[in-house]
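>>> next come a sequence and a model predicted from it.
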Amino acid sequence: MTIIDKIYDLTYNEILTPYNLIDNLKLDNYHEIKYAKNNDGIIAEVICDVSQTRTSFYYQFNFDNFLNEIYYFEGNVKEYLFNRSAELSNLRSKFINTENCV
């Protein structure tokens, strides 16, 4: 997949929707999914076991069901696993700085 393809996907594709998370409940290490509405759209808290530790992951979707962020808390620190805007910014910078860009 080229940088342009990745930029396109992050700009125009959902990647993952709130509905896709429901399938995870079929897995043995997933226990619960809580959905709520906030100012940015829909937030999903996914509770599962990772390395035998119960962990909550947060999936932030906008009102068009586009995944914007995935994060968890390590103590009081928010750790991002995915951030759409940061990822887009990085890819755009890479594209601008490539030799192929005119």
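Looks like it arrived, so ask away.
>>> buried residues in the lengthiest helix in the chain?
Longest helix of the chain, by residue count under DSSP state H: helix 84-96. Going by neighbour count (16 or more other Cβ atoms under 10 Å), the buried part of helix 84-96 is Arg84, Leu91. To be clear about C-beta, it is placed using only N, CA and C from the backbone, and glycine gets the same treatment.
>>> pull it out as PDB, backbone CA atoms only.
Taking C-alpha atoms only, helix 84-96 is exported to PDB below (Å, rounded to 0.1, in the frame of the first residue of the first chain):
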ATOM      1  CA  ARG A  84      -6.200   9.400  13.100                       C
ATOM      2  CA  SER A  85      -5.100  13.000  12.900                       C
ATOM      3  CA  ALA A  86      -1.600  12.300  14.100                       C
ATOM      4  CA  GLU A  87      -1.300   9.400  11.600                       C
ATOM      5  CA  LEU A  88      -2.600  11.600   8.700                       C
ATOM      6  CA  SER A  89      -0.200  14.400   9.700                       C
ATOM      7  CA  ASN A  90       2.800  11.900   9.700                       C
ATOM      8  CA  LEU A  91       1.800  10.400   6.400                       C
ATOM      9  CA  ARG A  92       1.400  13.800   4.700                       C
ATOM     10  CA  SER A  93       4.800  14.900   6.000                       C
ATOM     11  CA  LYS A  94       6.400  11.700   4.700                       C
ATOM     12  CA  PHE A  95       4.700  12.300   1.300                       C
ATOM     13  CA  ILE A  96       5.900  15.900   1.100                       C
END
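>>> quick one: list the elements packing against that helix.
helix 3-12, strand 67-74 (3 or more Cβ pairs under 8 Å, 6 or more residues apart in numbering; DSSP states H and E).
>>> what sits up against that helix?
The contact list for helix 84-96 (Cβ atoms under 8 Å, 6 or more residues apart in numbering) reads 3-4, 6-7, 10-11, 15, 66-69, 80, 101.
>>> neighbour-wise, which of those residues leads?
Comparing those by number of neighbours (other Cβ atoms under 10 Å), Leu67 comes first, having 23 neighbours.
>>> find the nearest non-adjacent residue to that one, please.
Leu16 (4.7 Å; Cβ to Cβ, 6 or more residues apart in numbering).
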